[in-house]
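Enquirer: got a structure for you, letters missing:
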């Protein structure tokens, strides 16, 4: 598979285009195509501009990641609440373990007989995010702190299959790192313990990363962007899952043959992973960059998305896209004005579109558009009634939970939002058909 066109301008290529001697590194979960140079289409970090990388090709467990890559390692596997291998894909395993269950890390090596890449040949015994941090530390060592760097660390925590480390699970059980269940509630399930502990493990690793930067006098001049990609797993009918921060949705669902549990909470937000409602994609984000961000503050109403990372880096480094790509569609905006303390309202409204799964928007999977305070929703993955298959309109400033559809009382706004989505969708279609250099 090849999800990102080769030669398209990326964050790694942006730093290479600057006037500074940058070195770049990708670590963790790639999931954007085949890593091997022998593949029909290679889509590795190298083909998208990264100088160095140490990553898995697809989804991997968050504990004892590669334990099923050799038969003699399998008895060391920590499967957590899954009790057995989960999320395995493919039908072979060269190490003799369960078919499709060899999850491993790879990096470029021109001397390797495996298509110019080489894999990790030791058992990863502990928690996966620690391996990612250690890989980043190795990259910094090779960089000798002498050159500026770009690093993207894509942790597996806490995508399924998520497994908390034994120490983190124990800390959650005794309520050191987890709040005790509310009076009258059941004790945490094995799945919940793994999920909350997996988050605690990630939190610890992020802390180690920050300490590593500080120990090398890099923190005060490093731009750090931290966020997640989507809301919690498992759909609730019409996206209604309790709607309170104390809600503990229970249950599981089968997606593509794999078991998914409902441990996470979207709080007051409607919807969960794969939904067009806010609970599907509205997640926390943290920016740190002392040269521009002079004081702490919380931004609640101005939407920021990961496609803003590229133009932000381009703005800071004063670089532009290649001449033959300058007219291509570009949805992201620079966050530099916001980082400098710009007022949310002064930055103006912006449009963001969504659709899920297929090459073209459809009601069953859902699509939507946001502009300013207004949000259009048409269908969604968890939509179970006829009502939510029709165009809905929400004012996120007054109705963040998306419970009060205003499509009938604000028909002109609804029509404008549908038109904005159509314009944006046409731009995306043009990019897919004409602005790819694969």
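Expert: Structure received. Just so it is clear, the structure is predicted and the values come from calculations on it, not from any experiment.

Enquirer: Next, name the residue at the spatial heart of the chain.
Expert: Centre of the chain computed as the mean C-alpha position; nearest residue by C-alpha atoms, centre = their mean is residue 229, 3.0 Å away.

Enquirer: my guess is that residue is in a helix, correct?
Expert: No - when DSSP: H, G, I helix; E, B strand; the rest coil is applied, residue 229 is found to be coil, with no helix at that position.

Enquirer: What mean pLDDT does the helix ranked longest in the chain get?
Expert: For the chain, the longest helix by residue count, based on DSSP state H, is helix 190-215. On average, the pLDDT along helix 190-215 is 96.

Enquirer: so how far is it from its chain's centroid?
Expert: 16 Å (C-alpha atoms, centre = their mean, to the nearest Å).

Enquirer: picking up where we left off before, ok, the closest residue to the residue nearest to the centre of the chain other than its chain neighbours - how many residues close by?
Expert: Distances taken as C-beta to C-beta, 6 or more residues apart in numbering place residue 283 nearest to residue 229, at 7.2 Å, with adjacent residues excluded. In this view, the C-beta of every residue, glycine as well, is placed from N, C-alpha and C. Neighbours of residue 283 under the rule other C-beta atoms under 10 Å: 15.

Enquirer: and what of residue 142?
Expert: Neighbour count of residue 142, defined by other C-beta under 10 Å: 10.

Enquirer: Also residue 173?
Expert: Look at residue 173: counted by other C-beta under 10 Å, it has 15 neighbours.

Enquirer: Please report how far it lies from residue 163.
Expert: As defined by C-beta to C-beta, to the nearest Å, residue 173 lies at a distance of 15 Å from residue 163.

Enquirer: again with residue 274
Expert: Distance, residue 274 to residue 163, by C-beta to C-beta: 23 Å.

Enquirer: Between those two, which has more neighbouring residues?
Expert: residue 163 (29 against 20).

Enquirer: ok, and the closest non-adjacent residue to residue 429?
Expert: Take residue 429 and drop its neighbours on the chain: the residue closest to it by C-beta to C-beta, 6+ apart is residue 360, 7.9 Å away.

Enquirer: give me the element the one you found is part of.
Expert: Assigned by DSSP states H and E, residue 360 belongs to no helix or strand.

Enquirer: I'd say the residue nearest to residue 229 and residue 228 touch.
Expert: Yes - at 4.3 Å, residue 283 counts as touching residue 228 under the criterion of C-beta atoms under 8 Å.

Enquirer: Give me the neighbour count for the residue nearest to residue 429.
Expert: Neighbours of residue 360 using other C-beta under 10 Å come to 10.

Enquirer: Since that was my last question, I'll sign off now.
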